[in-house]
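Student: heads up, no residue letters with this:
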């Protein structure tokens, strides 16, 4: 096992000369503005945060000296005065890991401090026991260090995305039956102990939504609902750029909108069964996107079976949340998602010649491994944003 232990990283929190926080709240306010806008000026930070100019100037100096921020040579316009030098995050300041525990695979991603994905990979597995997952995760993490120039002391933490729902407020999950050994145990303790890293956990759909908001098309929208189409069907919600968790952490369980005796769940296992029935040898949903053809026999049958489900979920999300966008993602082939979108109907009352504003329905901008990429954003969101 590769140890990611670092004397400055503690499972219970951080100790970088700032108590148990990586950054003070006022510093996080500044980092948050720079992260989402990518490049800003000092005056725009003052406008966005309402922090006094002298305080912002002092904090920017400290954050720059500590390597958190970079001042560029680029001059940006200032509507209220002279142009200012652009300020960005230093992508090399730190990085985060994301681990996804899927029904039949694990994947690892590493993300830099600016939210760029440096590396990601997936390994399909027949044995999803705890011991085997940790053993395989060690190998994937070792690959990361071989492929990327990463210093262990730069790793802030690890996010974990797994299929299941939180059963109470103690962080334990009722996982999918294919992940039986992971059910009702302290997954955070297991992962954080194994890798000696601060660890956070979300379910797979919420994790993928978190990643979409940072690295995908979801970054364009403050409010969106993410439809996670994979071996199962679920989702996640982003509100005002923040991941909405709900009381127990189960917000976005979109599959529960669909009574199974009335609606077919739009998942890729159903698609794989229909394609195999039509003579196509589909071995993995994770490789399907690379070779997918919308004209395959069986594609239309799948759409026919699940289109009402997409219509219902999209309508409910639009009516309940008034989202800017509904994003179809997960492991669904993009060409298939486009075909579903073209046929999706969102019901809304027609009054005085108009409907209420409806969300855009778009395809995810994350090409591969959405859960581990989303999981890698969790430490950034928790510690810095």
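Tutor: Perfect, thanks for sending it. What you see is a predicted model; the values in this text were computed from it and never measured. Residues are numbered from 1 along each chain as shown.

Student: and the longest helix seen in the chain, what's its mean pLDDT?
Tutor: In the chain, assigned by DSSP state H, the helix with the most residues is helix 299-321. The average pLDDT for helix 299-321 rounds to 97.

Student: Following element in sequence after that helix, please.
Tutor: Next helix or strand after helix 299-321 toward the C-terminus (DSSP states H and E): strand 325-330.

Student: Identify the neighbouring strands of that following strand in the sheet and state each direction.
Tutor: strand 224-229 (parallel), strand 360-363 (parallel) (DSSP bridges).

Student: Of all these, which one is nearest residue 348?
Tutor: Among the strands paired with strand 325-330, strand 360-363 comes nearest to residue 348, with 13.3 Å by C-beta to C-beta. (Each C-beta comes from the backbone N, C-alpha and C, glycine too.)

Student: quick revisit: let me have the strands paired with strand 325-330 in a markdown table, adding mean pLDDT as columns.
Tutor: Below are the strands paired with strand 325-330 laid out as a markdown table (pLDDT from 0 to 100):
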| stretch | mean pLDDT |
| --- | --- |
| strand 224-229 | 98 |
| strand 360-363 | 98 |
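
Student: looking at the ones you listed, which is buried most?
Tutor: strand 224-229 (a mean of 30; mean count of other C-beta atoms under 10 Å).

Student: chain center to that strand, what's the gap?
Tutor: 11 Å (C-alpha atoms, centre = their mean, to the nearest Å).

Student: contacts for that strand?
Tutor: 204-205, 208-209, 212-213, 218, 233-238, 252, 254, 266-268, 310, 313-314, 317, 321, 323-332, 337, 359, 364, 370 (C-beta atoms under 8 Å, 6 or more residues apart in numbering).

Student: try stretch 283-296
Tutor: So stretch 283-296 is in contact with 105, 122, 124, 230-231, 268-269, 271-272, 275, 278, 280, 282, 299, 331-336, 339, 368, going by C-beta under 8 Å, 6+ apart.

Student: Buried ones among those residues?
Tutor: By neighbour count, with 16 or more other C-beta atoms under 10 Å, these hold 105, 122, 230-231, 268, 271-272, 275, 282, 299, 331-333, 336, 339, 368 as buried.

Student: In helices only, show me those residues.
Tutor: 268, 271, 272, 275, 299, 336, 339.
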